[in-house]
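# curious how this folds, go ahead:
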Amino acid sequence: MNASNHRPGLLPASDIVSRRLTVREPAELMAYIIHTLGFEPTRSWVGVAIRNRQLGAVMRGDLLPSMELALTHGIADPDEVDRLEHEAQSLGQFVATKLKHDIESDRILMVYLLDAESKAPDMSSSAGGVGSPPEILRQIDRCVRRGAALTELPVFESWVINERRVWHLYCRERGFCATQGSAVKEARGTYVSDSLTLLGQPIEADHVAVCLPEPCGDPASLPAAPYEGDTVACWNWTRQWDDVLNDGRPLAPEEAALLVAPLGMSVWRDLLIVGACFGFETAVSGLAFSARVPDGLPRLYETTASEDNAWLVAETLTGRTGLSPDWSRLDRLRGYCSDLVPQASMPAAAATAATAAWIEWSRGRGTRATALLDQALSWDVTCSLASLLAEAVSAGLINPWALNRKIAWSGRDRTVA
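Reported below is the predicted structural model:
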């Protein structure tokens, strides 16, 4: 998978304690990580926040290009060494800064996930010498630790999983650590994995499957989008969407075509996003303040333009409301996106993919958001929401909702100790 499809993301653990799960072995730790992410990562770093003895938020990203280069070809040039150390320290500071938002976290577990193509099956600290992959990875991790220490959220453990074996980076011999070099059995089928699946957090067979189907190949067969300023059409459309988001009924292709047709218009798209989060009356009131909705729409909703709601609209798109959106309606909207795109023109399909990406970003799933944004921009390079969100995700920005355990999205009503 191209590195551009893997962006850092943060997924918080739920505050709702419905069940306590105990992690007893590396496979169960991996089960926690991959169920939280929704897929099994490779060639990645993973940071796990620790609160007392409980596992918390999980953050993942690709191994940095400088790390990949060093692990594959070694490093000798002093400039390359300096760059590697600087980037690793910056990574540690970045990870710790984000994980500190998981309130009461006091330390970090770092896990480096390689794969079966590694040239160094033995990653113990006695293996290899200067310039060997184990020593390079420890050099990287020491810099990550320095960066994390700057935020006062230290890394207390560093593991590497390579060729389906787990190694503690600083344990000298297998005999010194009970798990050193031990095989990591398949995470699926463990007690933790089975329990988290039952609690509503499955593992995707392939995280790239998050991508949407292709748009309609015959645009002439699609219903025309209404005029942007058509008050009655907008009223009927938002009311229809309100019903759909409330009851979650399946969409027939004809209904999907009518619901997706206006999404290429940014005002209607924003109405849908904010309406899904906080209701259409609030969305209409806020967008009316900047005269962005059709004339007469506020009257039909028996509301008026509101500056407070205008701020709420703006803050919704950036996740800075401080209020929890209606996650059940957003989850339904995310699910409907797969039904909408096959009935959509290219611009409407791009807006739909960008909306799905925004929902994934709001959930804290940067990797999924990036895959969807790539689709959106391939269908319509002028899609404004996709372009802006792609810049935010590329810069490592995380939706503030995902950083607030009290309002963050969660399919995981459990605590893991």
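
# which strands or helices does the lengthiest helix in the chain pack on?
Taking DSSP state H as the criterion, the chain has its longest helix at helix 78-99. Judged by 3 or more Cβ pairs under 8 Å, 6 or more residues apart in numbering; DSSP states H and E, helix 78-99 is in contact with strand 44-51, strand 54-62, helix 65-73, strand 107-113, helix 133-149. Glycine gets a C-beta too; all of them are placed from N, C-alpha and C.

# now the third one: how far from the chain's centre is it?
Using Cα atoms, centre = their mean, to the nearest Å, the mean C-alpha position of helix 65-73 is found 25 Å from that of the whole chain.

# so which bits of it are buried?
66-67, 70-71 (16 or more other Cβ atoms under 10 Å).

# then the longest one?
Of the residues in helix 133-149, those with enough neighbours to count as buried (16+ other Cβ under 10 Å) are 133-145, 147-148.

# from the residues you listed, pick the one nearest Asp106.
Ala148 (12.0 Å; Cβ to Cβ).

# that closest one contacts Leu91, doesn't it?
No. With contacts counted by Cβ atoms under 8 Å, Ala148 stays clear of Leu91, the gap being 9.1 Å.

# sorry, back to before: make TSV out of the helices and strands packed on helix 78-99 and add distance to Arg368.
Shown next, in TSV, are those (distance: least, Cβ to Cβ, whole Å):
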stretch	distance to Arg368
strand 44-51	14
strand 54-62	11
helix 65-73	22
strand 107-113	18
helix 133-149	25
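
# okay, those in JSON lines with mean pLDDT and distance to Leu287 next?
Shown next, in JSON lines, are those (pLDDT from 0 to 100; distance: least, Cβ to Cβ, whole Å):
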{"stretch": "strand 44-51", "mean pLDDT": "91", "distance to Leu287": "37"}
{"stretch": "strand 54-62", "mean pLDDT": "86", "distance to Leu287": "33"}
{"stretch": "helix 65-73", "mean pLDDT": "88", "distance to Leu287": "42"}
{"stretch": "strand 107-113", "mean pLDDT": "93", "distance to Leu287": "41"}
{"stretch": "helix 133-149", "mean pLDDT": "92", "distance to Leu287": "42"}
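
# and these: which comes nearest Arg365?
strand 54-62 (9.8 Å).

# ok, which of the helices and strands packed on helix 78-99 comes nearest Trp311?
Judging these by Cβ to Cβ, what sits closest to Trp311 is strand 54-62, at 28.0 Å.

# compute the inter-axis angle for the closest one and strand 44-51.
160 degrees (axes from the mean of the first three to the mean of the last three Cα atoms, to 10 degrees).

# strand 54-62 packs against which elements?
Checking 3+ Cβ pairs under 8 Å, 6+ apart, strand 54-62 ends up next to strand 9-11, helix 26-37, strand 44-51, helix 78-99, strand 415-416.

# one step back: which of the buried residues of helix 65-73 sits closest to Ile407?
Once Cβ to Cβ is applied, the member of the buried residues of helix 65-73 that ends up nearest Ile407 is Met67, at 33.9 Å.

# highest average neighbour count across the helices and strands packed on strand 54-62?
strand 9-11 (a mean of 26; mean count of other Cβ atoms under 10 Å).

# alpha carbons only: can I get stretch 361-381 in CSV?
The C-alpha coordinates for stretch 361-381 follow below in CSV (Å, rounded to 0.1, in the frame of the first residue of the first chain):
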residue,chain,number,x,y,z
TRP,A,361,-11.6,11.9,10.0
SER,A,362,-14.2,12.9,12.7
ARG,A,363,-14.0,9.4,14.0
GLY,A,364,-10.2,9.6,14.3
ARG,A,365,-9.5,7.3,11.4
GLY,A,366,-7.0,9.2,9.3
THR,A,367,-6.0,6.2,7.2
ARG,A,368,-9.5,5.6,6.0
ALA,A,369,-10.1,9.2,5.4
THR,A,370,-7.0,9.4,3.1
ALA,A,371,-8.2,6.5,1.0
LEU,A,372,-11.6,8.1,0.5
LEU,A,373,-10.0,11.5,-0.2
ASP,A,374,-7.8,9.9,-2.9
GLN,A,375,-11.1,8.6,-4.5
ALA,A,376,-12.8,12.0,-4.2
LEU,A,377,-10.0,13.9,-5.9
SER,A,378,-9.7,11.3,-8.6
TRP,A,379,-13.3,11.9,-9.5
ASP,A,380,-13.3,15.7,-9.2
VAL,A,381,-10.1,17.5,-8.5
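
# could I get the buried residue list for that stretch?
361-377, 379-380.

# which ones among the residues you listed map onto strands?
Among the buried residues of stretch 361-381, DSSP state E puts none in strands.

# mind listing what the spatially closest residue to Ile359 that is not a sequence neighbour touches?
Excluding its sequence neighbours, the residue lying closest to Ile359 (Cβ to Cβ, 6 or more residues apart in numbering) is Arg334, at 4.6 Å. Residues counted as contacts of Arg334 (Cβ atoms under 8 Å, 6 or more residues apart in numbering) are 356, 359-360.

# count the neighbours of Ala402 for me.
Applying other Cβ atoms under 10 Å, we find 25 residues neighbouring Ala402.

# please read the previous query as pertaining to Val341.
So Val341, with other Cβ under 10 Å, has 24 neighbours.

# my guess is it contacts Glu214. True?
Yes. Between Val341 and Glu214 there is a contact at 7.3 Å, judged by Cβ under 8 Å.

# over to Val160. Which of the three states is it?
strand (DSSP: H, G, I helix; E, B strand; the rest coil).

# need the contact list for the nearest residue to it once chain neighbours are set aside.
Residue nearest to Val160 in three dimensions, not counting chain neighbours: Tyr112, with 4.5 Å by Cβ to Cβ, 6+ apart. Counting by Cβ under 8 Å, 6+ apart, Tyr112 makes contact with 44-46, 63, 137, 141, 158-161, 169.

# what's the closest non-adjacent residue to Pro342?
Pro213 (5.2 Å).

# and that neighbour, what element?
Using DSSP states H and E, Pro213 falls within no helix or strand.

# and Ala357, by the same measure?
Using DSSP H and E, Ala357 falls in helix 346-363.

# pLDDT of that helix, averaged?
Average pLDDT, helix 346-363: 96.
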